[in-house]
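Asker: Build me a structure from this.
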Amino acid sequence: MLNLLRQRNFALLWFGGLISFIGDWILFVGLPVYVYQMTGSVLATGIMFVVGRLPSIAFGSVAGVFVDRWDRKRTMVVANLVVVPLLMPLLLVDSPDTVWIVYLVSLATNTVRQFMDPAENALLPKLVDKDDLATANALNTLNNNLARLIGPAIGGVVLALFYFPVTVLLDAISFVVAGGMIALISAPSSVTRADPVTAGEAEGKGGVRREWVEGLKIVRNNRVVASLFALLGVNMIAEGILSVLMVIFVQAVLGGGSVEVGWLLTAQAVGGLVGSLLVGKVSRAIRAWQMVWVGFVLLGVIDMIIFNSGVLWVALILMAVVGVPVTLLQTGVMTLFQASVEDRFRGRVIGAFGTVSALLLMSSMAFTSLFGEQIGIVPMLSAAAFLDIVAGVVAWRLLRGIEKVEQTVVPEQTLAA
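Answerer: Predicted coordinates for the structure are as follows:
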C-alpha cells in the first residue's frame with residue numbers, strides 16, 4: 001500500500017482529499033451544533049441536512065456529463081477553490097433570523113461538490129496501474145476514515161474554544177490546500193481528460209442531453225453496472241433506516257446517550273482504518289466482485305447481531321469489526337465501477353449513481369421517520385441488516401464468475417509516476 005503513496009500523482013490526490021475531508025468533518029460537527037444552539041429547533045437543523053442532499057438529486061447525474069467533457073484535474077481544482085467564497089456567508093450567521101443563509105450555503109456548496117467525486121473517481125484509474133486499482137480505492141477508504149476520526153475531534157474543540165467562525169475558516173483553508181495539491185499533479189491532458197471525446201459529443205445542439213442519455217444507457221446495458229445500481233439501491237434503503245434510528249437505538253435500547261453515540265462512531269472509524277489496511281493488503285488476492293458480496297453479507301450479519309444483542313459492549317466491539325466488511329464493500333464497488341465503464345463514460349455513470357443513491361436514501365429516511373416508531377426500532381434495524389444480507393446473496397448470484405469486466409479496464413494512457 002505504501003508504494004502507492006510514494007507515487008507523486010496519487011499521493012497528491014490522496015493527501016489533498018484527506019485535508020479536504022478533515023475540513024468537512026470539522027464543519028460537519030460545528031455547523032449543526034451551532035444551528036441548534038442558536039435556534040433550539042430540531043426542524044431548523046434537519047432542514048439543513050435535507051437541503052444538502054438536494055443537489056445530489058437535482059444535479060449529480062448531469063454534473064457527470066461535464067466531468068466527462070472537462071479536464072478532470074482542473075475540474076477538481078476549480079471546484080475546491082469555488083467552494084471557499086461560497087462558505088464565507090456563514091460568517092454572517094449570528095441569529096435565528098439569519099439561519100436561511102445556512103440553507104443557501106449548503107445548497108450552493110453541495111452543488112459544486114457534485115463535480116468533485118465523479119472527477120476524482122474517474123481520474124483515479126488513470127493515475128495508477130490497473131493491478132493497483134483496488135488498493136488505491138482501499139487507500140481512499142482509509143483516507144475517509146482518518147478524516148472521520150480526526151475531523152470531528154478538532155471540530156468539537158474548535159467550536160468550544162474559538163467559536164463557530166473559526167470552524168468555517170478551517171474548512172475554507174482545507175479546500176484551498178486541497179485545490180493547491182491537486183493542481184500540482186503532473187499529467188498530460190490525455191490522462192486528466194476523458195478519452196476519446198468525439199466531435200459529436202463536444203459540439204452540436206442537444207449535446208449535453210445526448211451525452212446524459214448515453215450515460216444512462218451504460219447503466220441499463222452494462223450487466224455489471226446495472227447489477228451494482230440495483231444492489232446499492234437496496235443498501236441505500238438500509239442506510240436510510242440506520243441514519244434515522246441509530247441514535248434512537250443507542251438511547252432506547254442500549255441505554256446510552258451522546259457519549260455512547262460518540263464511542264460507537266469512534267469505534268466504527270477505528271474499525272474502518274483497520275479494515276482499509278487489511279483490504280489493501282489482500283486487494284491483489286481477492287477479486288472486486290468477491291469483495292462486494294462478502295462485504296454485503298458480513299455487514300448484514302454483524303449489524304443483525306448488534307441490533308438484537310441489546311448490549312453496549314457487544315455493540316462497541318462489533319462496530320469496530322464491521323469496519324472490515326464496509327471497507328471490502330466500498331473498495332469492491334468503486335473498483336468495479338471504474339473498471340467496468342469505459343473512461344469517457346465514467347464520470348456520467350458515477351454521477352448518476354450519486355443521484356440515485358441520494359434519492360433512495362432520502363426516501364428511506366422519510367419512510368423511517370414516519371413509520372419507524374410504529375413498526376419498532378429493533379425490527380426496522382433488523383430489516384435493514386437483512387436487506388444487506390439479501391443484497392450479498394444476490395451479488396454472489398449476479399456477479400460471480402466475472403473474469404473480465406465488460407469494458408476497457410484502464411486505458412493505455414495510465415500514468416503511475
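
Asker: Check the chain and tell me which residue is nearest its centre.
Answerer: Closest residue to the average C-alpha location of the chain: residue 117 at 7.9 Å, with C-alpha atoms, centre = their mean.

Asker: Mind jotting down where the helices sit in the stretch 51-200 of the chain?
Answerer: 72-87, 99-113, 116-123, 133-162, 164-183, 189-192, 199-202 (DSSP state H, counting those that start in this stretch).

Asker: And for stretch 64-71, what's in contact with it?
Answerer: With contacts defined as C-beta atoms under 8 Å, 6 or more residues apart in numbering, stretch 64-71 is touched by 75, 115, 118-119, 122, 189, 192-194, 197, 201-202, 208, 211-212, 215, 344-352, 354. Quick note: C-beta positions are derived from backbone N, CA and C, even for glycine.

Asker: I'd assumed residue 354 was in contact with the residue nearest to the centre of the chain.
Answerer: Yes - between residue 117 and residue 354 a contact is recorded at 6.6 Å, counting by C-beta atoms under 8 Å.

Asker: Going by secondary structure, the closest residue to residue 95 other than its chain neighbours is in what exactly?
Answerer: Distance criterion C-beta to C-beta, 6 or more residues apart in numbering; nearest residue to residue 95, sequence neighbours excluded, is residue 38 at 6.9 Å. Using DSSP states H and E, residue 38 sits in helix 8-39.

Asker: Report the buried residues of that helix.
Answerer: 9-35, 38-39 (16 or more other C-beta atoms under 10 Å).

Asker: Give me the angle between that helix and helix 72-87.
Answerer: Interaxial angle, helix 8-39 versus helix 72-87 (axes from the mean of the first three to the mean of the last three C-alpha atoms, to 10 degrees): 20 degrees.

Asker: Can you tell me how far residue 245 is from residue 161?
Answerer: 33 Å (C-beta to C-beta, to the nearest Å).

Asker: now do residue 358
Answerer: 34 Å.

Asker: do the same with residue 10
Answerer: To residue 161, residue 10 is 36 Å away according to C-beta to C-beta.

Asker: domains for the chain, by residue range?
Answerer: 1-193, 211-404 (automatic domain parsing).

Asker: what's the model's confidence in the longest one, averaged?
Answerer: Here the mean pLDDT over domain 211-404 is 84, rounded to a whole number.

Asker: Repeat that for the shortest one.
Answerer: In this model, domain 1-193 has a mean pLDDT of 85.

Asker: how about residue 307, what does it touch?
Answerer: With C-beta under 8 Å, 6+ apart, residue 307 has these contacts: 249, 253, 378, 381, 382, 385.

Asker: Quick check: the farthest pair among these?
Answerer: Farthest-apart pair in the contacts of residue 307 is 253 and 385; separation 14.0 Å (C-beta to C-beta).

Asker: Compare those two and say which one has the larger neighbour count.
Answerer: Legend: neighbour count by other C-beta atoms under 10 Å for residue 253 and residue 385, higher for residue 385 (22 against 19).

Asker: In contact with the more buried one, which residues?
Answerer: Counting by C-beta under 8 Å, 6+ apart, residue 385 has contacts 238, 299, 300, 301, 303, 304, 307.

Asker: can you rerun that using 10 Å?
Answerer: 238, 241-242, 299-308 (C-beta atoms under 10 Å, 6 or more residues apart in numbering).

Asker: In space, what's closest to residue 341 - neighbours in sequence excluded?
Answerer: Counting by C-beta to C-beta, 6+ apart, the residue nearest residue 341 is residue 349, at 4.9 Å.

Asker: So which bits of the host helix or strand of the one you found are buried?
Answerer: Using DSSP H and E, residue 349 sits within helix 343-375. Residues of helix 343-375 classed as buried by neighbour count (16+ other C-beta under 10 Å): 343-362, 364-365, 367-368, 372.

Asker: Quick one: list the elements packing against that helix.
Answerer: Secondary-structure packing of helix 343-375 (3 or more C-beta pairs under 10 Å, 6 or more residues apart in numbering; DSSP states H and E): helix 42-69, helix 72-87, helix 116-123, helix 207-221, helix 223-252, helix 323-340, helix 377-399.

Asker: Would you mind extracting the C-alpha trace of the third one into PDB?
Answerer: Extracted C-alpha coordinates of helix 116-123, given in PDB (Å, rounded to 0.1, in the frame of the first residue of the first chain):
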ATOM      1  CA  MET A 116     -15.700  16.600  -7.200                       C
ATOM      2  CA  ASP A 117     -16.400  13.000  -6.500                       C
ATOM      3  CA  PRO A 118     -17.100  11.900 -10.200                       C
ATOM      4  CA  ALA A 119     -14.000  13.800 -11.300                       C
ATOM      5  CA  GLU A 120     -11.800  12.100  -8.600                       C
ATOM      6  CA  ASN A 121     -13.100   8.600  -9.100                       C
ATOM      7  CA  ALA A 122     -13.000   9.000 -12.900                       C
ATOM      8  CA  LEU A 123      -9.400  10.200 -12.800                       C
END
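
Asker: Fine, thanks again, bye for now.
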